[in-house]
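**Student:** Structure for the following, please:
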Amino acid sequence: MTEDLEQLMKNLKLRRMLSVYDEQLRAAENSQVSYSEFVAGLLRAQWHERQESALEWRIQRANLPERWSLETFPWTRQPGVSKKQMRAFAELDFVARHENIVLVGPTGVGKTGLASALLLKALQNGYRCQFIRAQNLFDEMYASLADRSTRQLLNRLASLEFCTF
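**Tutor:** Below you'll find the predicted structure:
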């Protein structure tokens with residue numbers, strides 16, 4: 001790679017393209033792919049990197065208490081939870097229909113883990129989401145009355161497509 005090309009990639013913040021360039025070039029030379037296929041491979045690598053970064057940023061902003069997914073959830077320790085029902089919820093049809101899901105049960109049955117798993121699934125599908133514990137929401141609402149920021153709080157919550165309490 002030329003210094004000029006390397007500097008351009010750095011200036012344009014194309015870090016992933018920069019890191020895979022030599023590998024992609026060797027692979028392209030060995031399999032004799034066209035220039036457009038070579039460039040498409042570089043752009044695809046950069047696009048995937050940006051998608052992964054955007055997802056990680058959304059996850060950080062969502063304040064997930066746990067990083068459970070439905071695949072990593074300990075189903076054997078929670079036999080009372082319907083795996084079939086949770087997989088149906090994971091299709092996120094309820095979000096499009098603007099419906100709510102309420103998970104109830106005693107402490108330690110997996111409500112937070114399941115809510116986190118559904119929230120993670122929604123984040124992976126590009127939804128704007130946030131995990132807020134009910135007590136924290138009540139505290140924020142009470143504080144917003146004192147500093148007259150209730151409208152801002154409601155606007156922030158209304159902008160979310162998926163929220164767990």
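**Student:** Please determine how far T76 is located from P106.
**Tutor:** 18 Å (C-beta to C-beta, to the nearest Å). Placement of C-beta: from N, CA and C, glycine included.
**Student:** what does M86 give?
**Tutor:** For M86 relative to P106 (C-beta to C-beta), the value is 18 Å.
**Student:** Those two: who's more crowded?
**Tutor:** Neighbours per residue (other C-beta atoms under 10 Å) separate M86 from P106, with M86 holding more: 18 against 6.
**Student:** For the more buried one, I want the exact helix or strand it lies within.
**Tutor:** Secondary-structure assignment from DSSP states H and E places M86 in helix 83-89.
**Student:** Tell me where the chain is predicted with low confidence.
**Tutor:** Applying pLDDT under 70 to the chain picks out residues 164-165.
**Student:** in it, which spans are strands?
**Tutor:** Using DSSP state E, the strands of the chain run over residues 129-131, 162-164.
**Student:** Could you pull up the contacting residues of the residue most central in space within the chain?
**Tutor:** With distances taken as C-alpha atoms, centre = their mean, the residue of the chain nearest its centroid is L123 (3.3 Å). By C-beta atoms under 8 Å, 6 or more residues apart in numbering, L123 lies in contact with 55, 58-59, 62, 129.
**Student:** 6 Å instead, please
**Tutor:** If you count contacts by C-beta atoms under 6 Å, 6 or more residues apart in numbering, L123 has them with 58-59, 62, 129.
**Student:** List just the nearest of those to V33.
**Tutor:** Using C-beta to C-beta, R58 comes nearest to V33 of those, at 33.8 Å.
**Student:** mind checking how far that closest one is from K13?
**Tutor:** Counting by C-beta to C-beta, the gap from R58 to K13 is 19 Å.
**Student:** With neighbour numbers in mind, choose between those two.
**Tutor:** The residue with more neighbours, out of R58 and K13, is R58; 19 against 11, by other C-beta under 10 Å.
**Student:** returning to what we had before: nearest to T2, of the strands of the chain?
**Tutor:** Checking the strands of the chain against T2 by C-beta to C-beta gives strand 129-131 as the closest, at 43.3 Å.
**Student:** hang on, the earlier thing: would you turn the strands of the chain into a markdown table with distance to E3 and mean neighbour count?
**Tutor:** Formatted as a markdown table, those follow (distance: least, C-beta to C-beta, whole Å; neighbours: other C-beta atoms under 10 Å):
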| stretch | distance to E3 | mean neighbour count |
| --- | --- | --- |
| strand 129-131 | 43 | 21 |
| strand 162-164 | 46 | 21 |
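**Student:** Would you convert the ones you listed into TSV that also reports distance to A90?
**Tutor:** Output for the strands of the chain, formatted as TSV (distance: least, C-beta to C-beta, whole Å):
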stretch	distance to A90
strand 129-131	14
strand 162-164	12
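**Student:** Perfect, I'm done here.
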